[in-house]
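Q: give me coordinates for this.
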Amino acid sequence: MNKALKTTSLSINQATRVVPWLLWVCALVVGVSILFSVSESLITALTRATPPGQLLYVFSKLTGLLAIVLVWLQLMLSLSSRIFGRMVYAGSWIHRASGLALLLLLFLHAVLFVAAVSVRNGELSAGILVPDFTSGYYTSSVSLGILGLLLFGLGSGIYVLRQKRERLFRWGHRCVILACLLVFAHSYLIGSDTQSTLMRALYLLSSTFLLVALVVLYLKPFVMRRMQYD
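A: Below you'll find the model as predicted:
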């Protein structure tokens, strides 16, 4: 039993060092793939006659997709930290920096989208930031993203106040988890880029990674308990 536990501990230590780097490499590859996917739309908006606000739409799409990559990376790094019992990521400067970058990308995504719609309509269209699930598929999909953004902001505010209100900390994390689900749904349902084989494959792979990580985290206590009795 001791030998098995020592072997497992050694494997965990090795995985703890390797897995975060692999996740960062995966995120980088996905980010480059997104840039490649959006590049054609960007070139078209810059070099050809396009509808008003089209360039803003493209940049809004780009910031939104990059935000999705950071959402996935944050979730995977947090889950892998819990799986391997090394909570070095939670609360680290990397965690805080990537969280701030995520909030910035989400904010830019929303602002650029409102700007694009306003330019196209010829008037300020800030009203689209009000959630509305009664006006059809597109508006409902936009509303999912708005709720996700609000929950991210709420979760971030709770994180800042965690030392004064420790009981709220868990609720803050639950808000972030729900926000991630809403943002993923918003991105997949509303994005024209999801019609491409490349982007569908990326969404499928990222979802599969998250699902596998959640299953492993759920089964970990049972496996460790079994190893102690073998």
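Q: tell me where this structure has helices.
A: 2-47, 54-83, 93-121, 137-160, 167-190, 197-229 (DSSP state H).
Q: winner for burial among those helices?
A: helix 54-83 (a mean of 21; mean count of other C-beta atoms under 10 Å). Quick note: C-beta positions are derived from backbone N, CA and C, even for glycine.
Q: surely residue 65 meets residue 36?
A: No. Counting by C-beta atoms under 8 Å, residue 65 sits too far from residue 36 to count as a contact (11.3 Å).
Q: on that earlier part again, for the helices of the chain, which one sits closest to residue 127?
A: In terms of C-beta to C-beta, the element of these nearest to residue 127 is helix 93-121, at 9.3 Å.
Q: just the angle between the closest one and helix 167-190, please?
A: Angle, helix 93-121 to helix 167-190, by axes from the mean of the first three to the mean of the last three C-alpha atoms, to 10 degrees: 40 degrees.
Q: what's the angle from helix 93-121 to helix 54-83?
A: Per the same axes, to 10 degrees, the angle that helix 93-121 makes with helix 54-83 is 160 degrees.
Q: mean confidence score for helix 93-121?
A: Predicted confidence along helix 93-121 averages 87 (mean pLDDT).
Q: next one: stretch 184-203
A: Across stretch 184-203, the per-residue pLDDT values average to 74.
Q: for it, what is the spacing between the initial and final residues?
A: Start-to-end span of stretch 184-203 (C-alpha to C-alpha, to the nearest Å) is 9 Å.
Q: could the helices of the chain go into CSV alongside distance to residue 130?
A: Below are the helices of the chain laid out as CSV (distance: least, C-beta to C-beta, whole Å):
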stretch, distance to residue 130
helix 2-47, 27
helix 54-83, 18
helix 93-121, 11
helix 137-160, 8
helix 167-190, 15
helix 197-229, 27
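Q: and the pLDDT at the spatially most central residue of the chain?
A: Centroid-nearest residue in the chain, with C-alpha atoms, centre = their mean: residue 71, separated by 1.7 Å. Listed pLDDT for residue 71 reads 87.
Q: and it, how far from residue 171?
A: 19 Å (C-beta to C-beta, to the nearest Å).
Q: ok, now residue 45?
A: Distance from residue 45 to residue 171, by C-beta to C-beta: 41 Å.
Q: point to the helix or strand of this structure where mean pLDDT is at its lowest.
A: helix 2-47 (a mean of 70; mean pLDDT, DSSP states H and E).
Q: what's near enough to touch residue 145?
A: 64, 110, 182-183, 186-187, 190 (C-beta atoms under 8 Å, 6 or more residues apart in numbering).
Q: how near is it to residue 182?
A: For residue 145, the distance to residue 182 equals 7 Å [C-beta to C-beta].
Q: again with residue 52
A: Distance of residue 52 to residue 182, given as C-beta to C-beta: 29 Å.
Q: show me the contacts for residue 189.
A: So residue 189 contacts 137, 141, 144 (C-beta under 8 Å, 6+ apart).
Q: if you could redo that for residue 180, that was the one I meant.
A: Counting by C-beta under 8 Å, 6+ apart, residue 180 has contacts 71, 74-75, 148.
Q: try 6 Å
A: residue 71 (C-beta atoms under 6 Å, 6 or more residues apart in numbering).
Q: residue 141 touches residue 185, doesn't it?
A: No. In this structure, residue 141 is not within contact of residue 185 by C-beta atoms under 6 Å, at 7.9 Å.
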